[in-house]
Structure formats: C-alpha cells, structure tokens
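Enquirer: quick one: sequence plus predicted model below, questions after.
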Amino acid sequence: MVGLIAFDLEGTLVKSVSGWVELHKKFGTWEKGREYAEMFFRGEIDYATWAELDASLWKGHTREEIMEWVDSVEYMEGAKELVDFLRGRNFRIAIISSGLMCLARKVGEDLGADYVYANELIFDEKGVVTGKVKPLVDFEGKGVILRRLKEELKPELTIAVGDGYNDISMFREADVAIAINPHEGVEGDHNVGSLLEVREIVEGLLGGQ
C-alpha cells in the first residue's frame, strides 16, 4: 500500500504558532503586521498582497537573523518518531504550510519529508531580505496542493494532519482528517492532543501493519 500524509507545520510538527507573527515580534513590526492581518481577514486585501506587505516590513534584515529564529523553533514531542514510523509503512510525507519556507525546508530536511510547500521570502545576493515573497501556499489553498499530490501519487490512503482554519481545505481532500489541538471551529474526523495519538490512529487504520 502506498499512503500519503500531509502535515501542517506550525502548531502541528513544531511548537511555533506563526512564523509571520514571531518574526514581526523579533523585528519590532508586529503593530503594523497586526493591522495587515486585520485587513486580510476583513477581505480588503488578498493573501499575496498580505504576504508582501508583511515581508516589506522586514526589508534590510538578513538571512542570518531569520535563521536565528528558525534554529530556535522546537519540535513537537514525537515528530521524528511519527515520521519514521510512517516512512516505514510506505507513506509519502508532505509538509504544506502557509508559513515560511525557511522553516519548512529545515523541518522537511530534518524529518525526511518527500514534499515541502510554503511561502518563500526573497533574499538578494548578499542574503538581505528584499521585501518580496513567492506566495506558494495561499491561506486557503492547501487543499489544492494536496489534490495535486493525490493525482500524482494515487495513494490508497490519504491523511491530513493540522490545527487551524487554513487546514480545513486539506482536511476535505483527505480520506482521514486528524485535528491536533485544533483552533476553535476546526474539527477533523479525529481530534487529538498529541502526535502520539496521531500514530495510534494511523496504526488503527492500517490494522496493526
């Protein structure tokens, strides 16, 4: 059996809740960043515009400063063990995040993910933030990405694991949706409190394989 499992990143595999917010706080730009977030949620700007407005506030900061934050982010308990378990049972592992690629790429490399999707900050040749972004994962676009992966891989079982509103479109594409410590209004087929419980659910789905 070939399986496919798609993980949200922040709040799911790592303890960071939002790289966007955490970098705003690191760089002292949260007041303006919160204003842009409110504009997006009121429907006044689209996601690509929101991402670029956020990144424009960090113009002039360096890749090293960004990576200081990346290297400070801690994994959820059991993340590595869960991914190793899944890989041993012929699952393809995808990370689909509306956060930042600098974090998603590192986590993907550390855990051995097959696919990593996130939004990429653009740096110039000196490693300085330009204020531009490649918005590869729209706030509600995770389901589209998961659908494409399903079409490519034709898995017998597709699982999605996430915690937030922007994971719901991914949940709809999956055979089984698992919400981990979900935000208010977010529900999966299973609601759990840890990655250990995710493993238990997968073991049950596989019948102890």
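Expert: Arrived safely, thanks for sending.

Enquirer: in contact with the residue nearest the centre of the chain, which residues?
Expert: Centroid check for the chain by C-alpha atoms, centre = their mean gives residue 97 as the closest residue, at 2.4 Å. By C-beta atoms under 8 Å, 6 or more residues apart in numbering, the contact set of residue 97 is 8, 9, 10, 103, 104, 117, 118, 119, 137. For every residue, glycine as well, the C-beta is placed using N, CA and C.

Enquirer: helix, strand or coil: sort out it for me.
Expert: Following DSSP: H, G, I helix; E, B strand; the rest coil, residue 97 is assigned to strand.

Enquirer: from residue 128, how far out is it?
Expert: 23 Å (C-beta to C-beta, to the nearest Å).

Enquirer: before we move on, what about residue 4?
Expert: Using C-beta to C-beta, residue 4 is found at 37 Å from residue 128.

Enquirer: picking up where we left off before, from the contacts of residue 97, pick the one nearest residue 146.
Expert: residue 117 (9.4 Å; C-beta to C-beta).

Enquirer: using CSV, list the CA coordinates for stretch 142-157.
Expert: Output of stretch 142-157 as CSV, limited to C-alpha atoms (Å, rounded to 0.1, in the frame of the first residue of the first chain):
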residue,chain,number,x,y,z
LYS,A,142,-3.7,23.7,1.0
GLY,A,143,-6.4,21.5,-0.4
VAL,A,144,-5.5,22.3,-4.0
ILE,A,145,-1.9,21.2,-3.3
LEU,A,146,-3.0,18.0,-1.6
ARG,A,147,-5.3,17.2,-4.5
ARG,A,148,-2.4,17.6,-7.0
LEU,A,149,-0.3,15.2,-4.9
LYS,A,150,-3.1,12.7,-4.8
GLU,A,151,-3.5,12.8,-8.6
GLU,A,152,0.3,12.3,-9.0
LEU,A,153,0.8,9.5,-6.4
LYS,A,154,-2.6,7.8,-6.5
PRO,A,155,-2.3,6.7,-2.8
GLU,A,156,-4.6,4.1,-1.4
LEU,A,157,-5.0,6.2,1.8
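
Enquirer: below-threshold pLDDT in the chain: ranges please.
Expert: Residues of the chain that meet the criterion pLDDT under 70 lie in 208-209.

Enquirer: where do the helices sit along it?
Expert: Listed in chain order, the helices of the chain (DSSP state H) span 19-27, 30-41, 47-56, 63-72, 79-87, 101-111, 142-153, 168-173, 195-206.

Enquirer: any chance of these in TSV, plus distance to residue 181?
Expert: Below are those laid out as TSV (distance: least, C-beta to C-beta, whole Å):
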stretch	distance to residue 181
helix 19-27	17
helix 30-41	21
helix 47-56	24
helix 63-72	21
helix 79-87	14
helix 101-111	18
helix 142-153	18
helix 168-173	15
helix 195-206	10
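
Enquirer: which one of these lies closest to residue 182?
Expert: Closest approach to residue 182 among those (C-beta to C-beta): helix 168-173, 9.9 Å.
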